[in-house]
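Peer 1: sequence below, structure please.
(2 chains, ligands or ions: 2)
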Amino acid sequence: MNARELEFTEPERYELYEGPYYHFEITRRDFVQVLGAGILLSIALPGAFAQRSRADRPVRLAQRLHIGADGTITVLTSKVEVGQGSRTQLTQAAAEELRVPIERIRFVMADTAMVPDDGGTAGSRTTPSTVPAIRKGCAAARQLLIDTAATAFEVDAKALSVRDGVVEGLGAGRKFSYADLASEKHAKALERDVAPGVAVTEVAHWRVLGTPVPRVAAADIVTGAHRYPSDIRRPGMLYGRVLRRPSYGAELEEIDLTAAKALQNVTAVRDGDFVGFAAATSFEAEEARDAAAKTAKWKTAPHPSSEELYAHLRAHASSQRPRRDARGTPEEAFKGAARTLRETYNIAYIQHAPMEPRAAVAEWSDGKLTVWTGTQQPSRVMDELQRTFRLSRDQVRVIVPDTGGGFGGKHSGEVAVEAARLAQAAKKPVSVRWSREDEFTWAYFRPAGVIDVAGALDDKGMLVAWEHVNFNSGPSAIATPYAVANSVTEFKSCDQPLRSGSYRALASTANAFARESFMDELAAAADVDPLEFRLRQLNNERLRGVLVAAAEKFGWKSAWKKNSSAQKVGIGLACGTEKGSYVACCARIKVNQSAGTFKVLDVCEAFECGAIQNPANLKAQVEGCIIQGLGGALTEEMRFKDGKILNAKFSQYHVPRFKDVPKVETVLVNRPDLPSVGAGETPIIGIAPAIANALYNATQTRIRSLPIRDAKYKYS
Amino acid sequence: MKASLQFTLNGKPQRVTTEAKRTLLEVLREDFDLTGAKYGCGEGQCRACTVLIDGNPVRSCLTEMSEVEGRKIDTIESLSQNGKLHPVQQAFVNEGAMQCGYCVPGMILSTIALLKRNASPTEAQIVEGLNGNICRCCGYTNILKAVQRAAQLSREAK
Ligand code: FES
Ligand code: FES
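Peer 2: Residues are numbered from 1 along each chain as shown, chains lettered A, B, ... in the order given. Ligands and ions are numbered 1, 2, ... in the order given. This is a model prediction of the structure:
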């Protein structure tokens, strides 16, 4: 792994793992069945990915592009579309380099039997890794078109270019297009692999990338035609339901399946801990499950409650050596400082709650298993299925239809395994879709955390020492971006009560909340405008850039008033960087002192992620992050007791709705001179601290918890 | 208890014999292969399952089959005619009012019902009218624009 890779890879994504060791290519015949006649081009996978493979593996060629005899171009990738706009963006990248209109390109995404392994969809990797891979592959294919035309017409390849999928410069009356490339005559000559190394189009010459290309396949979404994983139907398919434990850690002591089996056409399975039912309708499967549930005896286990969560985390820090990073001599710097502050911030567990809960359809045929499911990690799910059912790699195929939301919450394959087990027993395809309660209880959560921050100022109000210790919620963006000579950061994993995993921007939301709240506390202690205070300690040009851009658009300088007594309106700001992109956010809130409530009036956020590839999608992602971030900032929190989630429903767990949406302004800072990086995560990290700081500005009350709420003030 | 029920679905008369307690959402999705109405919560909180019954938006996850006898049900699949999108669908496409899109069929049907009640809703009325629809991708800003554009397109179409 080179330094750049490291910088962007979140090590605490514990599910991050190596790609498969073996890879069985699908035969060309199989491709013809799916994609029709044409040619299939293999292209070397780019360096970044090859470096992640084992050293003893050769750099693999991947079958990346299919050109149909009708000129239709199909591009293959293991990335998934879960709403972040990857399908559109990748289509743009292919269209740009192939020089064909968007409409002529289609993408086959995340079908493990067909696509090269570009890794899962996480960590904002699609833009910095997959887009370049697709671009290089497509640029190489374009060159192949030119070279083949040059040979066919005996002209100099250098004089040729491609426009709308047709070679230009061949002379009057001569035509050569991608369809010709795929024709019998030339295909023979092309049974070879495409060499990498063809230059991609410079940003200055982009015609498709960099433009607000509308969402591809939008018509299928608005007509209801698109089949999400939960919409997949197969001939003879049954619907399955799984019996869930009544609480975390409960063990099944006994269960009687007689009543369930007595129901007509019900398949009932008990296999170890797994108890599931399949029937012709969900209703019947639920009847069977409920009948069986009545007979179940469980042995429950003690489980900490959310009331005691933060004390629990602190008390259960792992004895493993924490991940520590120190600079300078923090201990001495703290001792010699003019002023030292020290505070603790608590971060609740929250749920991704994607609109479409986990769903899968499994089908067995001739000992082979095909599963359609919504996951961000098809290769990991394939692996889970292989291990569970003791299958070889060529016996499992995972297909991910464009899915109803992920946000980092769909990296695991539970539902795929459940559907496969039921399908195995029923000898028919089975669809399993989790209920909202299942999703809120048995999916994993964004980890809760406790964060201790300390900072020291010299007599000029400059930051001289910094300490940031995170219990449990993760190390991403734990390092302060501010210039401070002496600092120490530490991440301690803990024995925690709930199952946790990835989340949009994961721990950077928690770490940014603590750091940016605390910077505000320091600014107040130094008696300086928090914008000014930050700029004084900030050398990072890109972060300064977004901070200034957001503050200008928001009108920070004229709006800023130091609070002297309780005021009705407060403003706050925050900034941060993660995964190579930069964000700054300003918020204005309004307080109702007598009711002890506040609401968010307006938010202005600046974001920079290098060269912008699709401004429309970027804006949607940034706005979506801000508004989704309002949930974690203000209302979302898992409550649990005795091993049960107490608020496993939307009626008890408030996610942002129309009425929660403040006025939102965005500033998209374009840097065509810099490589493009992902934008689906980082814009979420600024909103929570901006609001907490605004609340302090209005009330002089500092709330150090997510969600932002205390006995005196709450969001309403 | 099974019941034999008659209703009109997307303009066609239908008769089914099924458990009267099954939800309309389940029957649409499992018996009629109309998967445009989505499950999001099963408790009436998200409106991903919205369909129109006699022109009114209804949460099909809370509607038992026994309640649909003799009614006229329209789902998202009935809106576009001969490949031409309904103005509200067109507006959602034009404004890019979708991320994962899972909430979109429910949003569109709720919008149609809203515009039927009020052809020129103010922003506050749209917010009020669609507050029951959750978009977990939080694409509310574009959805709001889509509803405004839809109102305009619908007025022009008249
Ligand atoms: S599924 Fe019907 S309201 Fe949520
Ligand atoms: S677009 Fe994903 S839920 Fe609305």
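
Peer 1: now for residue 89, how many residues are close by?
Peer 2: All of this refers to chain A. 27 (other C-beta atoms under 10 Å in any protein chain shown). Quick note: C-beta positions are derived from backbone N, CA and C, even for glycine.

Peer 1: chain B, not that one
Peer 2: Neighbours of residue B:89 (other C-beta under 10 Å): 27.

Peer 1: ok, now how distant is the closest residue to it other than its chain neighbours from ligand 1?
Peer 2: Nearest non-adjacent residue to residue B:89, counting by C-beta to C-beta, 6 or more residues apart in numbering or on different chains: residue A:222, 4.0 Å away. Using C-beta to the nearest ligand atom, to the nearest Å, residue A:222 is found at 19 Å from ligand 1.

Peer 1: and if you look at residue A:453?
Peer 2: Taking C-beta to the nearest ligand atom, one finds residue A:453 at 40 Å from ligand 1.

Peer 1: surely that residue and residue A:514 touch.
Peer 2: Yes: Residue A:453 is within contact range of residue A:514, at 5.2 Å (criterion: C-beta atoms under 8 Å).

Peer 1: which one's more surrounded, these two?
Peer 2: A direct count of neighbours by other C-beta under 10 Å for residue A:453 and residue A:514 places residue A:514 higher, at 28 against 25.

Peer 1: isn't the more buried one up against residue A:342?
Peer 2: No: in this structure, residue A:514 is not within contact of residue A:342 by C-beta under 8 Å, at 11.9 Å.

Peer 1: return every residue with contacts to both of those two.
Peer 2: The contact sets of residue A:514 and residue A:342 overlap at residue A:453 (C-beta atoms under 8 Å, 6 or more residues apart in numbering or on different chains).

Peer 1: which parts of chain B sit against ligand 2?
Peer 2: Proximity of chain B to ligand 2, by C-beta under 6 Å from any ligand atom, involves residues B:98-103, B:135-137, B:139.

Peer 1: try it again at 8 Å.
Peer 2: B:48, B:98-104, B:107, B:134-139, B:143 (C-beta under 8 Å from any ligand atom).

Peer 1: overlap in contacts of residue A:453 and residue A:514?
Peer 2: A:345, A:468.

Peer 1: ok, back up a step: what sits against the residue nearest to residue B:89?
Peer 2: Counting by C-beta under 8 Å, 6+ apart, residue A:222 has contacts B:76, B:85, B:89-90, B:92-93, B:98, B:101, B:104-105, B:108.

Peer 1: ok, and the most crowded of the residues you listed?
Peer 2: Of these, with other C-beta under 10 Å as the count, residue B:104 tops at 33 neighbours.

Peer 1: test my guess that it contacts residue B:92.
Peer 2: Yes: using C-beta under 8 Å, residue B:104 makes contact with residue B:92 at a distance of 6.2 Å.

Peer 1: please enumerate the shared neighbours of the two.
Peer 2: With C-beta under 8 Å, 6+ apart as the test, residue B:104 and residue B:92 both reach A:222, B:98.

Peer 1: what confidence value was assigned to the residue lying closest to residue A:41 once chain neighbours are set aside?
Peer 2: Leaving aside its sequence neighbours, residue A:41 sits nearest to residue A:65 (C-beta to C-beta, 6+ apart; 4.3 Å). Per-residue pLDDT puts residue A:65 at 83.
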